[in-house]
Structures are given as structure tokens and as C-alpha cells.
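1. sequence? don't have it. structure:
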């Protein structure tokens, strides 16, 4: 098969259980097993202290286990928030990261990022800056890269959103998902999809707002057509 199981890589403020609804929706849409990488907010805190290599290793381990289980050749990565950056590092290339050379591009058919902060004002030691230095843009031609950006919060109208956006762009008076501005969420060379009514996550959406994984109708707006189930048996999402 050209593509197999779906792997969800979550962001710093999320627990794996918070992606159960998204995993169930993706399973129903695709007919594929869906796995959530077991990363917690504590892992992200420790990553700031000791480096992010261990989290990238968790992504690699989840992908390897999912492919071994299904006997497929390639998996589909869905990276939410900074989880999209970890996914890019795992996809990798020739340079090593954290002492390991992952070369996950050999095992991935699609990378879909949801509100991932790909671009920042200045280079630094954070995962995004390092990923851009080592593995810039949509690096591998055989992988379909899709970067999805929410634009529900206008930094020109919301001082709070503007302050958040200015961690990534010089002027935060732009649209974004409440945490990541649209210009930062669009990976150079990737297919771009901007959804005007989506927020970064439940915390930013508030009552009645929608984030990237709110419900099936929302997910259908960014899930690629070629990955939708066509007469296949739908399996339950993995752990």
C-alpha cells in the first residue's frame, strides 16, 4: 500500500487522551488504524531542559509499531501544534538530530500539520528553528505535505492574540488560530489551507468555537480526499 496507518503527534499543551475524538474521526474517515504518540505536557517541559530528541524517538517508535502491526510500507502523519515540528524532524533527511538519523521519509506518505509554528521571527534553539535549519520546507518530493492554518482570531482586534502571534512574526496584527499566526503555520513548499473559523485548540476556541479536530464536519475540511475510505472496513483507532 502507498499509505497505511495514521499517526497523530500532539502538541505541548495536550495529553494523548485529548486526541481520542480526533482519532475516532480519522479512523471513520479513512478506514485505517489511528495511533496517538504517547507524549504529555511533562515530556515537553523535560524537552526544554534536555533536548527534544527523546520525543522524536517516541514518534519513530509509534510509527514503527503501527507499520509492523499493519504490515504497510508507509504511514500518514498528522501533527498538531508543535507536534507538527516533531513530525518534520522524524521525517528528517541526511543530517542527524539529537545524535540519531531517523530518515522517517522512507516510511511516510503524507504529513498534515494543524496550526504548527513552522516559521518564527528569529532562529533559535527551539525545535522549529532547528527543523528549518536541518530539514527546510517540504523537503521530500514523494511526500504530500499539507499545512493547515486556522484564522479565527484577528491579532489586529485582539491584543491577547497579537501578543501570542508576536512570538512568531514581527507584527501580530494578522489572522491566526489564537496561538499561531497564519504566516507561521504555512510550511514553505507545502499545500496551504487556511480555515477562517478554526482555533488552535479547545482552550482557545471557548464555548461554541471550533478547533482543527472538533468534529467530523471540521476534519473533513482538511483531510485529503485520496485518504478517505472507499469500501474498506473501518477499524477501531489504536491506543
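-> That came in fine, so what should we check first? Please read all numbers here as calculations on a predicted model, not as lab measurements.
2. spatially central residue in the protein, please.
-> For the chain, the residue nearest the mean C-alpha position is residue 79 (1.5 Å; CA atoms, centre = their mean).
3. so that one, which of the three states?
-> Counting by DSSP: H, G, I helix; E, B strand; the rest coil, the backbone at residue 79 sits in strand.
4. then residue 171?
-> Here residue 171 is recorded as coil under three-state DSSP.
5. confidence score at it?
-> Looking at residue 171, its pLDDT stands at 96.
6. distance-wise, check it relative to residue 156.
-> Distance from residue 171 to residue 156, counting by CB to CB, to the nearest Å: 9 Å. Glycine gets a C-beta too; all of them are placed from N, C-alpha and C.
7. now stretch 63-81: buried residues?
-> By 16 or more other CB atoms under 10 Å, the buried positions in stretch 63-81 come out as 63, 66-67, 70, 72, 74-81.
8. and those, which is closest to residue 219?
-> Distance to residue 219, by CB to CB, is smallest for residue 78 among the buried residues of stretch 63-81, at 9.7 Å.
9. tell me what residue 77 is bridged to.
-> On DSSP bridges, the residues paired with residue 77 through beta bridges are residue 7, residue 111.
10. what mean pLDDT does stretch 203-219 have?
-> Mean predicted lDDT for stretch 203-219 stands at 93.
11. what's in contact with that stretch?
-> Residues from elsewhere that reach stretch 203-219 (CB atoms under 8 Å, 6 or more residues apart in numbering): 13, 19, 21-22, 25-26, 28-29, 80, 114-115, 148, 150, 152-153, 177-179, 197-202, 222.
12. packing partners of the lengthiest helix in the chain?
-> Counting residues, the longest helix found in the chain (DSSP state H) is helix 53-70. In terms of contacts (3 or more CB pairs under 8 Å, 6 or more residues apart in numbering; DSSP states H and E), helix 53-70 is packed against strand 6-9, strand 34-36, helix 41-50, strand 75-80, helix 83-91.
13. the inter-axis angle of the last one versus strand 75-80?
-> Put simply, helix 83-91 runs at 150 degrees to strand 75-80, going by axes from the mean of the first three to the mean of the last three CA atoms, to 10 degrees.
14. looks to me like residue 28 is in a helix.
-> Yes: under three-state DSSP, residue 28 sits within a helix.
15. can you count the residues close to it?
-> 17 (other CB atoms under 10 Å).
16. over to residue 59?
-> 23.
17. circling back: okay, the helices and strands packed on helix 53-70 in JSON lines with mean pLDDT next?
-> Formatted as JSON lines, these follow (pLDDT from 0 to 100):
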{"stretch": "strand 6-9", "mean pLDDT": "98"}
{"stretch": "strand 34-36", "mean pLDDT": "98"}
{"stretch": "helix 41-50", "mean pLDDT": "93"}
{"stretch": "strand 75-80", "mean pLDDT": "98"}
{"stretch": "helix 83-91", "mean pLDDT": "96"}
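18. gap between the closest residue to residue 97 other than its chain neighbours and residue 22?
-> Nearest non-adjacent residue to residue 97, counting by CB to CB, 6 or more residues apart in numbering: residue 89, 5.3 Å away. Counting by CB to CB, the gap from residue 89 to residue 22 is 21 Å.
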